[in-house]
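S.K.: From the sequence below, what's the structure:
(one chain, ligands or ions: 1)
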Amino acid sequence: GKQPHSEPGCANETGVESVESQNETGVESQNETGVESQNETGVESQNETGVESVESQNETGVESVESQNETGVKSVESQNETEVESQNETGVESQNETGVESQNETGNETGVESKNKTGVESQNETGVESVESQNETGVESVESQNETGVESQNETGVESQNETGVESQNETGVESQNETGVESKNKTGVESQNETGVKSVESQNETEQNLGRRREGFAGPRGLLLLLLLLPLLALADRPWVQTAVDMDNNIDYDDDSDSADGSLRRDEATAVSFGGPRGLVVAWVEPPALPPRLPKPASTAAAIGKLPALGLPPLPLAPSPSSNVTSESTFTSMLLFSLTSIMGTVVFHWLDYLIFALVLLISASIGIAYHRQRSSKDMFLGSRQMTLMPVTFSVMASFISAISILGTTAEVYQSGVQYIILGFSYFLAFPITAEVYMPVLYRNRVLTAQHYLELRFSSAVRTAASIVFCIQMFFYQSVVLYAPAITFQQVTGLSFPLTMVLTGVVCTFYTALGGIKAVMWTDLVQMIIVFVAFCTLVVIATMEVGGFQRVFEMAAAGDRLNFFNFNPDPTVRHSFWTLLFGGTGMCLTIYSANQAQLQRYLSCSTESVARRAIYLQMPLTFLFLCFLCLAGLVIYAFYSDCDPLLSGDIVKRDQLLPALVVRLFSARPGVTGLFVSCIFSASLSTVSSGINSLSSVVLEDLIKPWQPNLTERAAGWAARVLAVVLGLSTVGIGFLATNLPATVLQIVLSLFGIVGGPLLAVFSLGILVPWCNRYGALTGLLSSLATTLGFSIAALIDPPPPDHRVFGTEGCYNGTDASNYTISTENYSNWTVTTASLVARQRPVHWLSYLYYTPLALLVAMATGLAVSALTGFNRAKPTRAAPAPNRKLWVNSSMVIRSCLSQKELPRRPIAQTAPPTAATGRIPTRSVTTLARNEKKNKQPKAADPIAPRDEPIGVVICLKAT
Ligand SMILES: O=C(O)CCCC[C@@H]1SC[C@@H]2NC(=O)N[C@@H]21
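M.R.: Take a look at the predicted model:
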């Protein structure tokens, strides 16, 4: 290993860190006299001056924390200058940005306790305690306290050490606290606290701070914003993935004799490479503890979590050394594996896995080749409007189910329980609204892109503004979509992170550029079937491996993961029944009603009815898939309920939970991991290809063509291809920046849909639902809602809400080589949700608004500002025309339920739409011809030729939603 180590004798940047703790008498754990900790390697954590202790309070003092229970109450605490304080001369310190917490004197007795996002916590009656963790050698020592207060080092006696003599703090961080309170937390999140409740986090060395801050402080919308804000800088700055490669190379230095006598990987290195995730992938990589394979859980562990029998799982297979692979295979395979090994670092894939994976790649590429004859931009973007039900159905489904949903949803359920399934209920609101309200308006106006409608309805300025906003949204979305499978691949196959990103990007750029949307939709169909079948099969097998459905649900119940309904109406609760249902509906509408990638699919249908049926058909399938995702999350929990893999260092991001489980369960079974990787890869390919195609369509149709109206169809077809290549490869480039996003990919992306997609939905809604809104109102609505959602997310970035996940298990994590060395008691960790309401010292501020409510917020703001500005500028005086379609007046006239949209055929004249080119293409202006004039003119128009696939049938001008009461 060439990872940074702490040097002997110093505690500080190099990573050693020493926690300390003090008690009433002021002791603390490191001081001049000396605590010190060292392990075999002689490292020791403090120096004479006593260590070090970081601390992080701000001027006002402390910090505040909090915690919350199921009801959403959260207990905060906080101290001010007078109270604070956890540091004294010798000492330590406390909280950090991640929000931890600390209590002051007044809080002690009341028993506060602390939970943080990462979760673990422990406490004993007397209080001292210190967890501690691993050192360089990978040993880890937990420690624990008993009533009399064991513990970990200092004069007063605290101290903790393990067999190897390591002491309580090291890079991975520990923490400790006593009655008076210090406490500390590290990257892995362990923290401890005692009855009196004090706790304070303390911080680790630089790298830990980075990681912790990113993981906790920049979660969700904050992570996204961070990316947005840092983008220009990151583009210029040192790129972390370069460092990653270097780090990995260093660790996979097969020829380095220092690694092992035979040149093979050392055991801890192999573990880190295979399961530790992309080293250096996050800027703040901290050497993961090299845990030995887990042994069967001890009976006591099973008993602690509900008297369930121990599993007796096979030990974690280590990544084989290259040499062992080579000798065990045939010559050809050996050569192949050897070359793959040199690229990939470590091979845990069987040849069967490669075969399955190669087949998936081949299928996608050949569909692209089969459809290479697309000529015009309409072929490329709308499939000549000839698409049929099956490809459209699966493509609508596939376009926004990527590795993000698969990895993110499973991680979400593992962390916070199964309540996320309520999001599925929102499908039954959002999809009918899409099918009956939004889709028909766009379809009937035969627009080329979704934003084209905005020009027809409002103005070219609104179209351009919305197009730019859409491009920003999709660029960032695509980058995360590319990033998600890369972390999986790195974990499962050892395939290097940059290589995976490039491979995914290049493959889908290839077939998208070649075959346009037809290729994209047909590959979507194939890929979605692969995803569905592979994932569901995998979940069922994994469930059996873990002990069956009953066991999974029992474990989930014991771990408080069967929390279906949380009716807390507080809008700042991240996930509740209401945020998931109504916020989820808004979020789904941004995807399915106002996103070019989806609208393009509706527009490519041969008839409106095909589009509608496709939306309804994919609804139960998408819901079913969500159920499987949630079940997979519970299976992960059942497997890891006794030892959270992030806390143990097996993974570095929660998104790696599912891949880690697959490796644990199936790496010895040829074919299964191949199936899983193909599933993740297919899900990502289908989404990225849809994204690339929709981005090129918007750039070409909405941003280039208005300036180049004379572009021939053939030239436009080539431009579409070139754009697909350029945009596809740029997405790969931006994808590398996503490596800096530490929150779960799902929350980042759903936040993005709210922050950026919400305002887009709002402007479409103004056009379709608000007849009085004019172009000024629309532009104002778009920009003001965007400013609002951005403002909320920036505020949440600066002052993040507290974490709300459930307790993670640690009692099964052990250090050492035998199962008897379990030292953390489950009891200490099971009390996470107990909080005292009286300790809630802080009202939840409005900017902690659930990220799922960003879309409803955008709608509200856009409606209010859009209408106000429209009123000030004379409302919308334009009559409905082809170029300026009528909004749905009846929606407001008739307050009955919207059942379905229909054309108000009596009111509007009919004429062949295809023959009336949007005047805006030539003039850039909105025509204001009256309906009467158009009706007169239309009689002179010829009917379109039957052979022209693009030419529509006679259709009425404009669209009016017809409200029918049930
Ligand atoms: O997977 C992604 O790329 C992004 C997340 C998109 C979430 C939507 S919500 C409806 C549908 N169901 C899912 O499970 N994911 C998508």
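
S.K.: show me what contacts the closest residue to the ligand within the stretch 751-900 of the chain?
M.R.: Shortest the stretch 751-900 of the chain-to-the ligand distance, computed as CB to the nearest ligand atom: residue-wise this is Phe753, at 7.2 Å. For the C-beta atoms, the positions are set from N, CA and C on the backbone; glycine is no exception. Applying CB atoms under 8 Å, 6 or more residues apart in numbering, we find Phe753 in contact with 473, 477, 587, 590-591, 855.

S.K.: What does it show for phi and psi?
M.R.: The main-chain torsion angles of Phe753 are listed as degrees, to the nearest 10 and equal phi -60, psi -30.

S.K.: residues from the stretch 701-850 of the chain in reach of the ligand?
M.R.: Listed as neighbours of the ligand in the stretch 701-850 of the chain under the rule CB under 6 Å from any ligand atom: Val749.

S.K.: quick one: low-confidence ranges for the stretch 701-850 of the chain?
M.R.: For the stretch 701-850 of the chain, applying pLDDT under 70 flags the ranges 742, 814-842.

S.K.: What count of nearby residues applies to whichever residue of it sits closest to the ligand?
M.R.: Using CB to the nearest ligand atom, the point where the stretch 701-850 of the chain gets nearest to the ligand is Val749, with a distance of 4.7 Å. Applying other CB atoms under 10 Å, we find 26 residues neighbouring Val749.

S.K.: so Asn568 sits right up against Ser576, yeah?
M.R.: Yes: judged on CB atoms under 8 Å, Asn568 makes contact with Ser576 at a distance of 4.8 Å.

S.K.: what about the two, which has more around it?
M.R.: Between Asn568 and Ser576, counted using other CB under 10 Å, Ser576 has the larger neighbour count: 23 against 17.

S.K.: Ser384 versus that one, what's the distance?
M.R.: When distance is defined by CB to CB, to the nearest Å, Ser576 is 45 Å away from Ser384.

S.K.: Kindly report the same for Ser366.
M.R.: Distance, Ser366 to Ser384, by CB to CB: 21 Å.

S.K.: quick one, which of the two is more surrounded?
M.R.: For Ser366 and Ser384, the more surrounded residue by other CB under 10 Å is Ser384, and the numbers stand at 19 against 14.

S.K.: quick check, Ile517 in a helix?
M.R.: Yes: membership of Ile517 in a helix is supported by DSSP: H, G, I helix; E, B strand; the rest coil.

S.K.: Give me the nearest residue to it, chain neighbours excluded.
M.R.: Among residues not flanking Ile517 along the chain, Gly383 sits closest, at 4.8 Å (CB to CB, 6 or more residues apart in numbering).

S.K.: Repeat that for Ser416.
M.R.: If the residues on either side of it in the chain are set aside, Ser416 comes closest to His805, at 4.9 Å by CB to CB, 6+ apart.

S.K.: Where does that neighbour sit: helix, strand or coil?
M.R.: When classified by three-state DSSP, His805 comes out as coil.

S.K.: next structured bit after the helix or strand where Tyr616 lies?
M.R.: In this assignment (DSSP states H and E), Tyr616 forms part of helix 608-640. Next helix or strand after helix 608-640 toward the C-terminus (DSSP H and E): helix 645-648.

S.K.: State the mean pLDDT of that following helix.
M.R.: Model confidence over helix 645-648, given as mean pLDDT, is 89.

S.K.: can you pull the buried residues of that helix?
M.R.: Neighbour counts using 16 or more other CB atoms under 10 Å place 645-648 of helix 645-648 among the buried residues.

S.K.: what's the answer for stretch 781-792, then?
M.R.: In terms of neighbour count (16+ other CB under 10 Å), stretch 781-792 has its buried residues at 781-786, 788-790, 792.

S.K.: out of the residues you listed, which are inside helices?
M.R.: The helices in this structure, assigned by DSSP state H, contain 781-786, 788-790, 792 from the buried residues of stretch 781-792.

S.K.: Got the phi and psi for Arg574?
M.R.: Backbone geometry at Arg574, expressed as degrees, to the nearest 10, gives phi -60, psi -60.

S.K.: Spell out which parts of the chain neighbour the ligand.
M.R.: Contact residues, the chain versus the ligand (CB under 6 Å from any ligand atom): 400-402, 404-405, 409, 481, 588, 591, 622, 626, 687, 749.

S.K.: May I see the buried residues of stretch 554-565?
M.R.: For stretch 554-565, the neighbour count (16+ other CB under 10 Å) marks 554-556, 558-561, 563 as buried.

S.K.: I'd like the mean pLDDT over the helix holding Tyr616, please.
M.R.: What helix 608-640 shows for mean pLDDT is 97.

S.K.: And for stretch 455-462?
M.R.: Averaging pLDDT along stretch 455-462 gives 94.

S.K.: show me the contacts for Gly584.
M.R.: With contact taken as CB under 8 Å, 6+ apart, Gly584 is in contact with 422-423, 425-426, 430, 852.

S.K.: With secondary structure, neighbour count and pLDDT added, can I get the residues you listed in CSV?
M.R.: Shown next, in CSV, are the contacts of Gly584 (DSSP: H, G, I helix; E, B strand; the rest coil; neighbours: other CB atoms under 10 Å; pLDDT from 0 to 100):
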residue, secondary structure, neighbour count, pLDDT
Ile422, helix, 20, 98
Leu423, helix, 24, 98
Phe425, helix, 16, 98
Ser426, helix, 22, 98
Ala430, helix, 22, 98
Leu852, helix, 28, 97
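
S.K.: so which of those residues comes closest to the ligand?
M.R.: Sorting these by how near they are to the ligand, with CB to the nearest ligand atom, puts Leu423 at the top with 6.5 Å.

S.K.: Could you check how far that closest one is from Leu867?
M.R.: Here the distance between Leu423 and Leu867 works out to 30 Å (CB to CB).

S.K.: which stretches of the chain have low pLDDT?
M.R.: Residue ranges of the chain with pLDDT under 70: 1-348, 374, 742, 814-842, 879-966.

S.K.: can you pull the contacts of the residue nearest to Ala484 when sequence neighbours are not counted?
M.R.: In this structure, Ala484 finds its nearest non-sequential neighbour in Ala403, 3.7 Å apart by CB to CB, 6+ apart. Contacts for Ala403 were tallied using CB under 8 Å, 6+ apart; they are 481, 484-485, 488, 680, 683-684, 745.

S.K.: got the phi/psi numbers for Ala403?
M.R.: Note on Ala403: its backbone torsions stand at phi -60, psi -20 [degrees, to the nearest 10].
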